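In: Just a sequence and a predicted model for now, questions to come.
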Amino acid sequence: MKNEFNFYPTSGRTLAKLFLLYIVALFAFTSCEEPEKIEPNTPGQGANTVSGKAVDDRGNPMAGVKVRAENPAGYNVYVEGTTKNDGTYSLTLPAIGSWKIYAWKEVTYKDKTFHLRLGMNDDADYDFFTTGENGAVKNFVWKLNGRIPDRSASLENGWGYFGGSLRFVNVNSKVPVMAVGTKVTVTLTPTSNAKYLDGTPATAAGTVKKTFTINNGPGQNYYIGDIPVTEYRMNIESELNGVKKQVYVGGNDYNNLYEWLEFDFTPALGSSGSYENGISSPTDFPYYMGQKNKQYVL
C-alpha cells in the first residue's frame, strides 16, 4: 500500500481568515478583564488639564472655592471653576502657553464678606506651569498668616502676607510723642469666644506680640503685619533706657486715647478676589499713640 503525503500551499485568502480568527479570539480573552476607570476629575490625569484639591489647615475639604488659571501671554485670558463638595476641581486649559493658578474663598465674618486668597503647599506651586500630556496638579490650603510667595512684601500696603497689617502713628493731641529710640511692643490678645476666619477658636495661645522702634520725630508711621484675622484686645507698652511705660492708643482718633482697645479687621473694599490677602489696607485705619507721664493726665 502506498502512503502519500500531499502538500497544498495556503492561499492569501486563507491566511487572512486565520489572522481574523486570531484577533477575535485574542479580544474575547482580554475583554474578560475590567479596564481601569479614569475619572475626568482625577488629579494629574488628562492632557491639558490642571486639577487638585482645596483644604483648610486641618485637612478638611473646602467646597465652593473659586479657582482661576491665567495665561499671562494674552490679555484677560483665563479659565475658571469651583471646587466640589469633596474639595476637588478640574480645569481644561488650551494646549498652548504657560499658566498661573489662584484660588479664593468667600467668607462671611461678623456680617462682613471677605474674599480671601488661598495658599499652596510649596513655594514652587506658585510658579508658572504647563499641563502636558498627563496634566498638572495644583492643590490649595487655607492659610491664616505667612508669606504669599508670588507677591512683594510691604507691611505699609498690606501686601505679600496672608495675615492682616496695622498702622501706628507717633502723634496725638494730649500727651508727648515718644522719643527716638523708644522700643514699642504691641500685644494682641484674642477676645473671649473669638474665632479666626476659618471658624477655629482663637484662644490666649494665639496672642500676637510685635515690636518696632521709634526712629524719627512726630507724625511718623510704623507698621506690624501678618496677623491672623480675629477680634483682639490691643495693649501697647514702651521701653526707653530700661524704663517701661504704658502707651495709650486711639483708633483712628488722636483726641481720645485709651489704655486698651478691642478691634477686628475689615475686608478689602470692592474686591471679589485679588492677588493679595483680601484684607483691608493698614492705611485705611491708623492707630495713634502717646505715653502717659506725671505732667499729663488723660
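Out: The structure has been received and is ready for your questions.
In: can you list the residues that contact stretch 106-120?
Out: 54, 64-66, 102-105, 126, 138-143, 146, 148, 162, 197-198, 229, 231, 264, 266-268, 271-279 (CB atoms under 8 Å, 6 or more residues apart in numbering). No exception for glycine: its C-beta is placed from N, CA and C like everyone else's.
In: okay, how far is it across it, tip to tip?
Out: 17 Å (CA to CA, to the nearest Å).
In: which of the residues in that stretch are buried?
Out: Counting neighbours by 16 or more other CB atoms under 10 Å, one finds that the buried residues in stretch 106-120 are Val107, Tyr109, Phe114, His115, Leu116, Arg117, Leu118, Gly119, Met120.
In: which residues does the fourth one bridge with?
Out: Read that as His115. Glu106 (DSSP bridges).
In: Kindly report the same for Met234.
Out: With DSSP bridges as the rule, Met234 is bridged to Leu188, Leu261.
In: Hmm, Val186 and it touching each other?
Out: Yes: Met234 is within contact range of Val186, at 6.6 Å (criterion: CB atoms under 8 Å).
In: of those two, who's got more company?
Out: Neighbours were tallied for Met234 and for Val186 using other CB atoms under 10 Å; the higher tally belongs to Val186 (23 against 19).
In: secondary structure class for that one?
Out: The three-state assignment at Val186 reads strand, by DSSP: H, G, I helix; E, B strand; the rest coil.
In: Contact partners for it?
Out: Residues counted as contacts of Val186 (CB under 8 Å, 6+ apart) are Leu166, Phe168, Lys209, Lys210, Thr211, Ile224, Met234, Asn235, Ile236.
In: Surely the last one touches Tyr288?
Out: No: taking CB under 8 Å as the contact criterion, Ile236 and Tyr288 are not neighbours in contact, 10.9 Å apart.
In: Residues that sit against both of the two, list them.
Out: Counting by CB under 8 Å, 6+ apart, the shared contacts of Ile236 and Tyr288 are Val249.
In: related to what we said a few turns ago, I'd like to know which of the contacts of Val186 are buried.
Out: Taking 16+ other CB under 10 Å as the criterion, what is buried in these is Leu166, Phe168, Lys210, Ile224, Met234, Asn235, Ile236.
In: could you check the distance from the last one over to Pro176?
Out: Distance, Ile236 to Pro176, by CB to CB, to the nearest Å: 15 Å.
In: beta partners for Val67?
Out: Bridge pairing for Val67 - DSSP bridges - gives Gly81, Ala103.
In: repeat for Ala54
Out: Phe140.
In: list the contacts for Asn221?
Out: Glu156, Arg167, Phe168, Val169, Pro286.
In: do that again at 6 Å, thanks
Out: For Asn221, the contact set (CB atoms under 6 Å, 6 or more residues apart in numbering) comprises Arg167, Val169.
In: pLDDT value on it, please?
Out: As predicted, Asn221 sits at a pLDDT of 94.
In: And for Ala16?
Out: pLDDT, Ala16: 40.
In: what does Pro9 give?
Out: According to the prediction, Pro9 has pLDDT 37.
In: begin at 6 from here
Out: Okay, using 6 as the starting number, the last item reads as Pro14.
In: Just the buried residues of stretch 164-178, please?
Out: Going by neighbour count (16+ other CB under 10 Å), the buried part of stretch 164-178 is 164-177.
In: Would you mind writing the CA trace of it as PDB?
Out: Output of stretch 164-178 as PDB, limited to C-alpha atoms (Å, rounded to 0.1, in the frame of the first residue of the first chain):
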ATOM      1  CA  TRP A 164       0.900  93.200  50.600                       C
ATOM      2  CA  GLY A 165       2.600  89.900  50.500                       C
ATOM      3  CA  TYR A 166       1.100  88.200  53.600                       C
ATOM      4  CA  PHE A 167      -2.000  86.200  54.300                       C
ATOM      5  CA  GLY A 168      -2.500  87.900  57.600                       C
ATOM      6  CA  GLY A 169      -3.600  91.500  58.200                       C
ATOM      7  CA  SER A 170      -1.500  94.600  58.900                       C
ATOM      8  CA  LEU A 171      -1.800  97.600  61.300                       C
ATOM      9  CA  ARG A 172      -0.600 101.200  61.200                       C
ATOM     10  CA  PHE A 173       0.600 103.200  64.200                       C
ATOM     11  CA  VAL A 174       1.200 106.900  64.300                       C
ATOM     12  CA  ASN A 175       3.500 108.600  66.800                       C
ATOM     13  CA  VAL A 176       1.300 111.700  67.300                       C
ATOM     14  CA  ASN A 177      -1.700 112.800  69.300                       C
ATOM     15  CA  SER A 178      -3.100 116.000  70.900                       C
END
